[in-house]
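Asks: structure for the following, please:
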Amino acid sequence: MSGLVVLKAHKVNKMLPPGYRVDHNPDVAVLRRPDGSVVAYFPIWSLNTKRLLQEAKLDLASERQANS
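Replies: Residues are numbered from 1 along each chain as shown. All right, here's what the predicted structure looks like:
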């Protein structure tokens, strides 16, 4: 896995809503909720930090709406 991908994932984890995280392997980045469930999968070769952040924010908003 390239160092650039690891660096991107590390930076994204700092910007995600609390509890959300990105796990990665050589092929796939996985956006996870605080409980560990999967929000979305992303191809590692086209990891886009803006898209990851957008997906996390959309998921968080839908979770909040479902709980209200």
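
Asks: ok, and the closest non-adjacent residue to the most centrally placed residue in the chain?
Replies: With distances taken as Cα atoms, centre = their mean, residue 31 lies nearest the centre of the chain, 3.2 Å away. Spatial nearest neighbour of residue 31, chain neighbours left out: residue 39 (4.3 Å); criterion: Cβ to Cβ, 6 or more residues apart in numbering. Bear in mind the C-beta positions are built from the backbone N, C-alpha and C, glycine included.

Asks: the one you found: what's it in contact with?
Replies: 20, 31, 32, 33, 55, 56, 59 (Cβ atoms under 8 Å, 6 or more residues apart in numbering).

Asks: all helices for the chain, in order.
Replies: 3-15, 49-67 (DSSP state H).

Asks: take those and write them to CSV, including distance to residue 27 and mean neighbour count.
Replies: CSV is the format used below for those (distance: least, Cβ to Cβ, whole Å; neighbours: other Cβ atoms under 10 Å):
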stretch, distance to residue 27, mean neighbour count
helix 3-15, 11, 13
helix 49-67, 16, 13
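
Asks: mean pLDDT and distance to residue 43 added to the ones you listed, as JSON lines?
Replies: Shown next, in JSON lines, are the helices of the chain (pLDDT from 0 to 100; distance: least, Cβ to Cβ, whole Å):
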{"stretch": "helix 3-15", "mean pLDDT": "67", "distance to residue 43": "11"}
{"stretch": "helix 49-67", "mean pLDDT": "89", "distance to residue 43": "11"}
